[in-house]
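> what would the 3D arrangement of this be:
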Amino acid sequence: SVSLDANHSTTTTTTTSSVIHAKSSFALDLHYTNTDIMNNVSYLTAGEMPLPRIYLYFTISYAILWVVWMLNLRSIQANQGAIIAIASSKRRRSSSSLSRRKRSSNIIIYPIHHVMGILLLIKTCATLFESIRYHYVRISGHATLWSVVYYTLTFIKGIFLFTVVLLIGTGWSMVKPFLNGREKQIIACVLILQVLDNVAVVVLQHQVQGQRSYDDWSAVLHLVDILCCCGVLIPIVWQVNALESSTESDNNNNNSNDNNDSNGYNDSSTTTPDIGSGSSSGGGRSDKKKTLAKLKLFRSYYLLVVAYIYATRIVVYLFRTALDFRHAWWGNFFSEAATLAFYASTGLLFRPRDESRNHDEDDDDDDDDDEEQVELIQQQSLLHNNNSIDDARQ
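Reported below is the predicted structural model:
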C-alpha cells in the first residue's frame, strides 16, 4: 500500500510582455508498507521481513560462543581443566580427573585469547543492534538512533576482526611476543582501509540505488574490502614460510649429521652409547614436532581464512544475484552462517593448549601423519645431500 502526502505552494508573477513565470515547491512523503505472514503492517521490503528474527537467532548463537569461550578461560585459570577439548581416543576419555587437573596447570592462556573474547562480545552486540534496527524499521519505518549505535559497533567490529585475524596470522603472543616492522605496517594499512570501508558503508545507506554516487561508493566499498582481505593473508603466508624454512633447516642439519655418521666421521658414536647425545636428539625431535604442528596449524588457518573470504565475498554475492526479491534475506542468512562458522573454527583451532608436553593430546590422531611428513622431508633432503656428495666426488 502507498500513501501520499504533499504540501504544494505556487508563486506566480506576470510581466508586461504577457509571459508568466511560475515557481513551485512541494514536500513529498511516500509511505510504502507491506503485510507480513501475521497480517501486521511492516515497512520492510518483502525480502527483509525475516531479518529481525534471523539476526536475533544469530545473536543468541554468538552469545553462546562467547559464554563458552569465557567459561573455558575461567576454568583454565582456576586449574579445573579446559572445557573446549576434543577427545579422540579412549585413553583420554578414561583419564582420571586428577591427571586432568595436573595437565590444566600447564595450559597457557595468551593475550590473544582475551582479545578473541572481546571480539566475540563486540560481534554479539553488533548483531543484536542490527536485529533491533530492523525491528524498529519494520514497525515505524525509521530507526535513526539504533542505526547510529549499529554503525558504531559495526565500525569497531570490522577493525577488531581484521586486527585479530592479522595478529593470529603473525603468530603474536603464541609464537613470538612482538611484531616486526613490516607486520606493523601491514596492520596499519589494513586498519586505514577498514576506516575507508566503513565510511563507504555509511554513505551507501544514505544513497539511492541507481544514482551515480551510489555506484561510485559501491565500487569503492568492494575494492577496499578485497584489499583488506588480501592484506590479512600476507602475514599468514609469511608465518607459514618461516615455519617451513625452520622445518627444512632442522631436517637438513639432522640429515647432514646422519651422513657424517654413515661415512665414518663419527665411528665412536656407533660403538659407545652416549646418553647426552640421545637426550639432545630427543629434544631436537621434540622441537621439530612442535614446529611441524605449528606449521600444520597455520596452514589450516590459511585455508580457513581463504574459505571464509571466498564464501562471504564471492559465493554470497553470486547467490544474491540469483535470488528474487522475496528471498533476498537468504543472502544475509548465508553470510552470517559463514561468519559464525569462521568464528567457531578459529576458536577451535587456537584454543588454549598444553604446550609443555611433547605431543599435544588433541593432536594424537595426527602423529602418524606427522611422522610420514617428517620421513618424507628427510628422504628428500637425504637424496639431495647424496647427490651433492656424488657431484663433489666426481
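> quick check: Val124 vs Val67, distance?
No, residue 124 isn't Val; it's Thr. 10 Å (Cβ to Cβ, to the nearest Å). Every C-beta, even on glycine, is put in place using the N, C-alpha and C of the backbone.
> out of those two, which sits in the busier spot?
Thr124 (22 against 12; other Cβ atoms under 10 Å).
> before we move on, which element is the residue lying closest to that one once chain neighbours are set aside in?
Spatial nearest neighbour of Thr124, chain neighbours left out: Tyr62 (4.1 Å); criterion: Cβ to Cβ, 6 or more residues apart in numbering. Per DSSP states H and E: Tyr62 is located in helix 51-77.
> go on, Lys23?
Assigned by DSSP H and E, Lys23 falls in strand 20-32.
> now for that strand, which elements pack on it?
Here strand 20-32 touches strand 2-14, going by 3 or more Cβ pairs under 8 Å, 6 or more residues apart in numbering; DSSP states H and E.
> next structured bit after the helix or strand where Ala307 lies?
Under the criterion of DSSP H and E, Ala307 resides in helix 275-310. Sequence order places helix 316-321 as the next helix or strand after helix 275-310, per DSSP H and E.
> now that next one: mean pLDDT?
Taken as a whole, helix 316-321 carries a mean pLDDT of 88.
> mind checking which helix or strand Ile139 is in?
Assigned by DSSP H and E, Ile139 falls in helix 111-140.
> buried set for that helix?
112-113, 115-117, 119-138 (16 or more other Cβ atoms under 10 Å).
> go on, stretch 181-191?
Quick answer for stretch 181-191 (16+ other Cβ under 10 Å): 183, 186-187, 190-191.
> can you put these in a markdown table and add secondary structure?
Output for those, formatted as a markdown table (DSSP: H, G, I helix; E, B strand; the rest coil):
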| residue | secondary structure |
| --- | --- |
| Glu183 | helix |
| Ile186 | helix |
| Ile187 | helix |
| Val190 | helix |
| Leu191 | helix |
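> can you redo those as TSV with pLDDT?
Formatted as TSV, the buried residues of stretch 181-191 follow (pLDDT from 0 to 100):
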residue	pLDDT
Glu183	83
Ile186	87
Ile187	86
Val190	87
Leu191	86
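> ok, the closest residue to Tyr43 other than its chain neighbours - how many residues close by?
Nearest non-adjacent residue to Tyr43, counting by Cβ to Cβ, 6+ apart: Gly141, 3.9 Å away. By other Cβ under 10 Å, the residues close to Gly141 number 14.
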